[in-house]
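Engineer: give the three-dimensional model of this entry:
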Amino acid sequence: MAKSGRNRRQQPAIYWELAPWFHLLTHPKSYAGEARHVVRTLKPERGQKPTMLELGSGGGNNAFQLKKHFTLTLSDLSPGMLKLSRKINPECEHVVGDMRSLPLKRSFPFVFVHDAVMYMLSERDLARAIKTAFVHCAPGGIALFQPDFVRESYRPTRERGGHSDGARKLSYVETAHPLAESANFVDVDFTLTLREPDGGARRVVDRHRVGAFPRATWISILRRAGFRVRCATDPWKRVCFIATRPLA
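Structural biologist: The predicted model follows:
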């Protein structure tokens, strides 16, 4: 999940002090469909596990599924999220880093950026994240960006969910607020109910401010970074961007 794009105090609690609860908000096993779509899109050669860098890898939910197909390096701004990821993905490399400025000084045939990129709140920060992906993408390689939405596709929603591990339980109501006409961001509130093993419970409202950029802005920034880009719609009707770094 995404953490880059703000200072520490502005970060949603679920990525920091509430990080131990993250897999009860969104469970790794629910990402199998996402992984199948990524593999179909990137088409790694059969019988090989090429390297992939994931920027904003969060608690490792995507990696839990994708590691069957790729040798993964996972980067995230939150040490707590990487600690969770190490528990379920011990075979993967984990690197604490900001997607706007990660300096690994090596390249990968595949770079993956999932919903973490939603936390870029300005065109400048989005451009920095895309530049990081370009720098780490090998010539001829592919970077796949899968934002939750672009501005044109955004709709306010209200959803419920949650999970239990047998001892603890998290339930939530997710409220995505209307998008202001002049804003490039939108607020999404998670009302979390956290139930401890001893029966105690508490409620937390965790606000996520996320970017809402037009598709044309995405395409323009990707091209300025040096990518060749095409758009596609995934099975969940989200616009994704398949960006190729030219060989020369």
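
Engineer: hey, let's count contacts and neighbours off CA atoms from now on
Structural biologist: Will do.

Engineer: so how far is residue 26 from residue 197?
Structural biologist: Taking C-alpha to C-alpha, to the nearest Å as the measure, residue 197 falls 19 Å from residue 26.

Engineer: between the two, which one's more packed in?
Structural biologist: More neighbours surround residue 26 than the other of residue 197 and residue 26, with 17 against 11 (other C-alpha atoms under 10 Å).

Engineer: correct me, but the more buried one touches residue 164?
Structural biologist: No. Judged on C-alpha atoms under 8 Å, residue 26 makes no contact with residue 164 at a distance of 10.6 Å.

Engineer: tell me how far stretch 97-113 lies from the chain's centre.
Structural biologist: Mean C-alpha position of stretch 97-113 versus that of the full chain (C-alpha atoms, centre = their mean, to the nearest Å) differs by 13 Å.

Engineer: for that stretch, list every residue counted as buried.
Structural biologist: The neighbour-count check on stretch 97-113 (16 or more other C-alpha atoms under 10 Å) flags 97, 98, 99, 100, 102, 107, 108, 109, 110, 111, 112, 113 as buried.

Engineer: quick one: contacts of that stretch?
Structural biologist: 3-5, 42, 50-57, 75-77, 125-126, 128-133, 135-147 (C-alpha atoms under 8 Å, 6 or more residues apart in numbering).

Engineer: quick one: end-to-end length of it, please.
Structural biologist: 14 Å.

Engineer: quick one, domains of this structure?
Structural biologist: 8-150+213-244, 153-211 (automatic domain parsing).

Engineer: let's test this: mean pLDDT of the longest one, rounded?
Structural biologist: Regarding domain 8-150+213-244, the rounded mean pLDDT is 96.

Engineer: now do the residue lying farthest from the centre of the chain against residue 205, distance only.
Structural biologist: Going by C-alpha atoms, centre = their mean, the residue of the chain most distant from its centre is residue 198, 32.8 Å out. Residue 198 sits 22 Å away from residue 205, going by C-alpha to C-alpha.

Engineer: so where's the longest helix in the protein?
Structural biologist: Taking DSSP state H as the criterion, the chain has its longest helix at helix 123-136.

Engineer: and that one, what other elements does it pack with?
Structural biologist: Here helix 123-136 touches strand 108-113, helix 215-225, going by 3 or more C-alpha pairs under 8 Å, 6 or more residues apart in numbering; DSSP states H and E.
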